[in-house]
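Visitor: pasting a predicted model and its sequence here:
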Amino acid sequence: MLFYKKLKSKYNLLMVFLLSLSILLLSSCSESTEMKSKTDFKEGTICTINLPIDTNDLVFDECFAILDQVESQISRTDANSEISKLNKNKTAILSDETYMLFKYSYELARESSGAFNPSIGAAVSLWDIVGDNPRIPSDEELNNIDTDYKKVIFNDETNQVTILDNMEVDLGGVGKGYSANKLRDYLAGQKINRAIINLGGNILLMGAKSSNQDWTIGLQDPKDESGTSYILLALSNTSVVTSGTYERYFEKDGVRYHHILSSKTLYPAKSDIISSTIISNNSALCDILSTTCFVMGSTKALDFVNKYDDVYSIFLLSDGSIVTSENFDFEYTILNENYHMI
Ligand code: AMP
Ligand code: MG
């Protein structure tokens, strides 16, 4: 009898255990992690947005409309954008949003002592590296332009900005990150909390892959074919942005001229970094810092990034070494055996 009682209570325990296990399994099965994606060409690049499978298509439409709206604010190829009008007339009263982004960009120009320089536009125009007729400008042409970010005049009361006659503004180094932040704000307003926003490699992750799994993000191997990653990172709820010379360039007489310019030489910046990646919540800051760090080179860049809270960096250097900022503690897998973490 006693034996039977014991057996019965053991049986009960087993039932409770099995029941709770099946509830656990059921709840993980019922969590839908399926996504659907839509791609469009916006802001001069391929933009892909992944959202939960049950998302209404109108939400995708609105996302792409937001990207169009940003272009109408800051694009340099759209002659009617606010920035194009500023570049043409040398003075303009900007919308509140564009003015805020403008001020933010110039704040980072000061913080980086001009490594990030939104006033570099006239040099970008001369080189035309992302345009149809890339070429090496003459010394005379480069001497005749002004790229001094300190000479821009701001009026916080009226949103008016004034630049010099031989100066142009270029917000191409922050535009995609700024757009990604805007998309996140819109999606959050729609109560969507899982998304992968990929604006030409400028990535913003909302939520995680599932309740117990990060997204896996691969960083392009600059020395390999497009789509081949040199490292995989486990990330969620953050933005990850990479700048590198492999992205946009032209070659002449065996020399590669890429799209990130040095304020000092007005030539493509020489850097020991071949892939500059920044991870942080703020995609606009990631975008700015990835460009900035590339220009600075790894030694200066690591010091610079370490000053920011909750900002992490991972740089691939030309000698195959991978260096990270002090606080970098994300899980990673290196895929290229020629590269090593130091
Ligand atoms: P990214 O691809 O984000 O690294 O930004 C590069 C783009 O920013 C270029 O295509 C230019 O439009 C612009 N740019 C180039 N050099 C600089 C610089 N030193 N500071 C700020 N923007 C730059
Ligand atoms: Mg950038």
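Guide: Alright, I've got the coordinates. Ligands and ions are numbered 1, 2, ... in the order given.

Visitor: quick one: name the residues of this structure near ligand 1.
Guide: 116-118, 120, 124, 130, 170, 172-173, 243, 259-261, 263, 287, 290-291, 295 (C-beta under 6 Å from any ligand atom). Heads up, the C-betas are built off the backbone N, CA and C, glycines and all.

Visitor: tell me which of those residues fall in helices.
Guide: Among those, the members found in helices (DSSP state H) are Val124, Asp287, Ser290, Thr291, Val295.

Visitor: what's the local residue count around the second one?
Guide: By the measure other C-beta atoms under 10 Å, the count of residues near Asp287 is 30.

Visitor: and for the fourth one?
Guide: Other residues near Thr291 come to 27 when the count uses other C-beta under 10 Å.

Visitor: not counting sequence-adjacent ones, nearest residue to it?
Guide: Gly173 (4.3 Å; C-beta to C-beta, 6 or more residues apart in numbering).

Visitor: check contacts around that neighbour.
Guide: Ser105, Phe116, Pro118, Ile260, Asp287, Ile288, Thr291 (C-beta atoms under 8 Å, 6 or more residues apart in numbering).

Visitor: how near is it to Thr292?
Guide: 8 Å (C-beta to C-beta, to the nearest Å).

Visitor: same question for Asn166.
Guide: From Asn166 to Thr292 the distance is 24 Å (C-beta to C-beta).

Visitor: out of these two, which sits in the more crowded spot?
Guide: For the pair Asn166 and Thr292, the greater number of neighbours falls to Thr292 (28 against 11), based on other C-beta under 10 Å.

Visitor: ok, the residue nearest to that one when sequence neighbours are not counted - how many residues close by?
Guide: Excluding the flanking residues, the one nearest Thr292 by C-beta to C-beta, 6+ apart is Phe116, at 4.1 Å. As a burial measure, Phe116 scores 28 neighbours (other C-beta under 10 Å).

Visitor: Phe116 and Cys293 touch, don't they?
Guide: No: applying C-beta atoms under 8 Å as the test, Phe116 and Cys293 come out as separate, 9.3 Å apart.

Visitor: quick one: name the residues of the chain near ligand 2.
Guide: Proximity of the chain to ligand 2 (C-beta under 5 Å from the ion) is limited to residues Gly173, Asp287, Ser290, Thr291.

Visitor: going by distance to Ser321, which of those residues wins?
Guide: Ser290 (18.2 Å; C-beta to C-beta).

Visitor: in space, what's closest to that closest one - neighbours in sequence excluded?
Guide: Ser290 sits nearest to Ser243 (C-beta to C-beta, 6+ apart), 4.0 Å away.

Visitor: beta partners for that neighbour?
Guide: Ser276 (DSSP bridges).

Visitor: what about it, how many residues nearby?
Guide: 27.

Visitor: can you check the pLDDT for it?
Guide: For Ser243, the pLDDT comes out at 94.

Visitor: wait, it sits on His259?
Guide: No: shown here, Ser243 and His259 do not form a contact pair, counting by C-beta under 8 Å, at 9.1 Å.

Visitor: Tyr267 contacts His258, correct?
Guide: No: counting by C-beta under 8 Å, Tyr267 does not reach His258; the two are 10.1 Å apart.

Visitor: remind me which residues of the chain are low pLDDT?
Guide: Low-confidence segments of the chain (pLDDT under 70): 1-31.

Visitor: which residues in it form helices?
Guide: 2-30, 57-74, 82-89, 96-111, 121-127, 139-143, 175-189, 283-296, 298-306.

Visitor: which of those is buried the deepest?
Guide: helix 283-296 (a mean of 28; mean count of other C-beta atoms under 10 Å).

Visitor: partners of Lys42 in the sheet?
Guide: So, taking DSSP bridges as the rule, Lys42 has Thr45 as bridge partners.

Visitor: what is the burial count for it?
Guide: Applying other C-beta under 10 Å, I find that Lys42 has 21 neighbouring residues.

Visitor: coming back round to it: can you redo the helices of the chain as JSON lines with distance to Asp319?
Guide: Below are those laid out as JSON lines (distance: least, C-beta to C-beta, whole Å):
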{"stretch": "helix 2-30", "distance to Asp319": "44"}
{"stretch": "helix 57-74", "distance to Asp319": "36"}
{"stretch": "helix 82-89", "distance to Asp319": "38"}
{"stretch": "helix 96-111", "distance to Asp319": "28"}
{"stretch": "helix 121-127", "distance to Asp319": "27"}
{"stretch": "helix 139-143", "distance to Asp319": "30"}
{"stretch": "helix 175-189", "distance to Asp319": "28"}
{"stretch": "helix 283-296", "distance to Asp319": "16"}
{"stretch": "helix 298-306", "distance to Asp319": "10"}
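
Visitor: measure stretch 109-124 end to end?
Guide: Using C-alpha to C-alpha, to the nearest Å, the end-to-end distance of stretch 109-124 comes to 16 Å.

Visitor: what's in contact with that stretch?
Guide: 76, 87, 102, 105-106, 108, 137, 142, 145-152, 163, 166-174, 259, 261, 263-264, 266, 288-289, 291-292, 295-296, 300, 304.
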